[in-house]
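Participant: model the structure of this input:
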Amino acid sequence: MDAELTSASAKAADSADRTFAEWLRELPDGPLRDHIAELADTHRQLDETQLRLVALFQERHGCLYGTWNTDDRTEIVGPYISAARRRQGLGSQMLDWCFTVSWAVPEMFLFAPGTELWRAEKLEPHGFEPHSPVLKDGAGDHQTFEVTLERRANRHLRRVGEPRGSGPWVVQLYNDDTTPFPTVIFALRRVLDVNERTAFEYASLVHSAGIASVRYCRSEWGANRIAARIRAIARRDSFPLTVCVERRL
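Facilitator: So this is what the prediction gives:
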């Protein structure tokens, strides 16, 4: 199944149009349907600073997911999955993608149909919590969930068992206003042997909280070696990433 940003090709934009139409047919009349209809009408005119919308397409079975920046908030678009492709685990994969393209967005909202308990249970591991509707006149038959950058990062890191290691020495990563997210993510992936999503959430946590513990070590020598390797990758690109080694009390 192919996936493209809707701004990348006419094929992706056409797939988004068809998928929006299917989505709108499923939604009852009300504020949320009007909200999605507005996005369906404007998505071809929005640039990537306003919308990063991906269309997945394979014949008639489309999916949509992305992030939409509007009214000083960021919304997760969908994830909407065509009826023929549901219950295949695509929703969680789409959420992961939405997070990694949102970069340093401090707060995100997701509108979910209905108020079924299972939906909250699916979203809770990602750090989402129920929230009062943020749409004008409420969200009708839909529930709003909200997640902050720091809560999402902490929840993911705990879920995957990070930071790894044991011992009294801890490698601490500090925020700065210069080193970009891609450099931090690349350095952490290379040195800590983690996947892109986990490296991204470490970078998000540092950006939000100002500091993150990324590894525990039994020896000061081992911790310094990890810190030096992370610093070297960033400084190779002339970025002053601050990584320190501290002893836990």
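Participant: I'd guessed residue 39 sits against residue 68; true?
Facilitator: Yes - assessed by CB atoms under 8 Å, residue 39 is found in contact with residue 68 at 6.5 Å. (Each C-beta comes from the backbone N, C-alpha and C, glycine too.)
Participant: helices of the chain, residue ranges please.
Facilitator: For the chain, the helices defined by DSSP state H cover 10-26, 31-42, 90-102, 117-123, 149-159, 181-192, 196-209, 220-236.
Participant: one step back: shared neighbours, residue 39 and residue 68?
Facilitator: 51, 77 (CB atoms under 8 Å, 6 or more residues apart in numbering).
Participant: give the residue spans of this protein that score low on pLDDT.
Facilitator: 1, 57-60, 114-118, 139 (pLDDT under 70).
Participant: can you pull the domain assignment for it?
Facilitator: Domain ranges of the chain: 2-148, 160-247, per automatic domain parsing.
Participant: contacting residues for the residue sitting nearest the centre point of the chain?
Facilitator: Compute the mean C-alpha point of the chain, and by CA atoms, centre = their mean the closest residue is residue 99, 0.6 Å away. Going by CB under 8 Å, 6+ apart, residue 99 touches 126, 152, 197, 200, 201.
Participant: same check, this time on residue 208
Facilitator: 104, 106, 148, 149, 150, 153.
Participant: now do it against residue 147, distance only.
Facilitator: 12 Å (CB to CB, to the nearest Å).
Participant: ok, now residue 204?
Facilitator: Distance from residue 204 to residue 147, by CB to CB: 11 Å.
Participant: looking at those two, which one has more neighbours?
Facilitator: residue 204 (29 against 24; other CB atoms under 10 Å).
Participant: quick one: residue 95 and residue 76 touch, right?
Facilitator: Yes - counting by CB under 8 Å, residue 76 is a contact partner of residue 95 at 7.2 Å.
Participant: list residues touching both of those two?
Facilitator: residue 65.
Participant: burial count for the closest residue to residue 164 other than its chain neighbours?
Facilitator: Spatially, and ignoring its direct neighbours in sequence, residue 164 is nearest to residue 215 (6.5 Å; CB to CB, 6 or more residues apart in numbering). The number of residues packed near residue 215 is 23, by other CB under 10 Å.
Participant: contacting residues around residue 215?
Facilitator: Contact analysis of residue 215 by CB under 8 Å, 6+ apart lists 163, 164, 165, 170, 171, 192, 223, 226.
Participant: good, we can wrap up now.
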